[in-house]
Every structure is written in C-alpha cells, then in structure tokens.
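A.B. asks: Generate a structure from the sequence data that follows.
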Amino acid sequence: MQRLEAIVDAMESGDTPLAELLAQFEEGSKLLAQCEHRLKAAELKIEQLKRQKDGTAILEHFPHDRSGA
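C.D. replies: Residues are numbered from 1 along each chain as shown. Coordinates of the predicted model:
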C-alpha cells in the first residue's frame, strides 16, 4: 500500500518522465491487484468466522465499493 501511495505521489508531481510514468503505472496496477486479492481473502475469512449468538455460522457479505469513497 505504501508503494502504491508513493507511485501516486510521483505521478501527481508532474516531474516524472513519461517512460518512468508508464513503468510506475504497470507496477501500480500489479500492486493494486495484489491488494484486492488480499482484501478479498481477508473478507472471506471474516465471513467464515462470523457467528451468531447461538453459535451457528452466518454468512455476511461485504459491500464491494472500489471507488475509494
């Protein structure tokens, strides 16, 4: 996540050459996919671990708002 933030900061600075911007964009895309995969795995674990008061498992879905809002 920190590397993604650093990439975004560099891209927003306007001082990065185009070739480097493209390389950073590709790296950022890969890092974002990894983060989304890890988040989905964590959500699935939480869904599996949630229990009702009587001890029976419940499945609770998480909203998937990827807009960052």
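A.B. asks: Could you list the low-pLDDT ranges of the protein?
C.D. replies: By pLDDT under 70, the low-scoring segments of the chain are 50-55, 57-69.
A.B. asks: Repeat the analysis, applying 90 as the threshold.
C.D. replies: Scanning the chain for pLDDT under 90 picks out 1, 3-4, 6-8, 10-18, 21, 42-69.
A.B. asks: Would you mark the buried spots in the longest helix along the chain?
C.D. replies: Using DSSP state H to define each element, the chain has its longest helix at helix 18-49. Within helix 18-49, the residues that count as buried by 16 or more other CB atoms under 10 Å are 24, 28. Any C-beta I mention is one placed from the backbone N, CA and C, and that applies to glycine too.
A.B. asks: What helices and strands are in contact with it?
C.D. replies: Judged by 3 or more CB pairs under 8 Å, 6 or more residues apart in numbering; DSSP states H and E, helix 18-49 is in contact with helix 2-13.
A.B. asks: Might you quantify the distance of the helix it packs on from its chain's geometric centre?
C.D. replies: Offset of helix 2-13 from its chain centre (CA atoms, centre = their mean, to the nearest Å): 15 Å.
A.B. asks: And the contacts of that helix?
C.D. replies: By CB atoms under 8 Å, 6 or more residues apart in numbering, the surrounding residues in contact with helix 2-13 are 16, 21, 24-25, 27-28, 31-32, 35.
A.B. asks: ok, those vs Leu44, which is closest?
C.D. replies: Relative to Leu44, the closest of the contacts of helix 2-13 is Cys35; by CB to CB it sits at 15.1 Å.
A.B. asks: For the closest residue to that closest one other than its chain neighbours, the count of nearby residues, please.
C.D. replies: Nearest residue to Cys35 in three dimensions, chain neighbours excluded: Met1, at 6.4 Å (CB to CB, 6 or more residues apart in numbering). Burial of Met1 is recorded as 10 neighbouring residues (other CB atoms under 10 Å).
A.B. asks: Please tell me how far Met1 sits from Met11.
C.D. replies: Taking CB to CB, to the nearest Å as the measure, Met1 falls 16 Å from Met11.
A.B. asks: What of Leu18?
C.D. replies: Distance, Leu18 to Met11, using CB to CB: 11 Å.
A.B. asks: Okay, angle between the longest helix of the chain and helix 2-13 too, please.
C.D. replies: On the basis of axes from the mean of the first three to the mean of the last three CA atoms, to 10 degrees, helix 18-49 is oriented at 140 degrees to helix 2-13.
A.B. asks: Cheers, nothing more for now.
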